[in-house]
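**Q** Based on what follows, work out the 3D shape:
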Amino acid sequence: METIQIDYDPGMVSYERLLEVFFGAHDPTWPSPIRQYASAIFTHDDEQARLAKEALATAGSRSHRPVSTEILSYSGFTRAEDYHQKYYLRNTPLLASQYENRFPTADGFTDSTAVARVNGYIGGNGSLEQLEREIPGLGLSAETASALKAFVVKRAGR
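**A** The predicted structure is shown next:
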């Protein structure tokens with residue numbers, strides 16, 4: 001099973017809000033054909049487990065179908081293979097090459113906030129207005145910043 005680990009500041013966003021986003025972004029009733037793609041929430045303590053179970057029950061009652069998402073106790077995190085990291089960005093060579101030059105190690109590339117933000121924009125998250133505000137902090141050349149803006153505009157169908 002591949003996992004996504006989210007480090008968050010509870011002073012900025014609550015665990016409950018993260019659960020809302022999680023259940024709003026996927027179908028908890030979808031049965032995975034293989035374990036690797038199963039849906040699960042890994043909790044770090046009893047309170048997270050309790051809140052996750054409540055959110056899962058709410059999501060299940062809305063769908064009127066059996067829920068497949070599991071609630072499991074966290075026991076460690078293993079990074080996915082490099083080719084899974086920042087997938088959208090890796091498939092956009094002009095933008096990827098700029099960050100790969102700046103972050104030559106796999107961990108440096110994967111752990112970069114700027115890389116994560118750009119990957120998100122390429123993957124269809126965020127508006128042009130948000131990108132315009134963030135561009136100065138992303139460390140892009142003028143050419144790649146322009147290419148990213150064009151990509152977001154095209155994606156939005158403008």
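**Q** any idea how far the residue of the chain positioned farthest from its centre is from Glu129?
**A** Farthest-out residue of the chain from its mean C-alpha position, per CA atoms, centre = their mean: His64, at 26.9 Å. Per CB to CB, to the nearest Å, His64 is found 38 Å from Glu129. Where you see a C-beta, it was placed from the backbone N, CA and C, and this is true even at glycine.
**Q** ditto for Asn101
**A** From Asn101 to Glu129 the distance is 28 Å (CB to CB).
**Q** for Arg17, what are its contacts?
**A** Arg17 makes no contacts at all, as judged by CB atoms under 8 Å, 6 or more residues apart in numbering.
**Q** Next: Val152.
**A** Taking CB under 8 Å, 6+ apart, one finds 121, 126-128, 131 in contact with Val152.
**Q** before we move on, what about Ile71?
**A** Counting by CB under 8 Å, 6+ apart, Ile71 touches 40-41, 43, 49, 52-53, 56.
**Q** if you set the cut-off to 6 Å instead, what comes out?
**A** With contact set as CB atoms under 6 Å, 6 or more residues apart in numbering, Ile71 has these partners: 41, 52-53.
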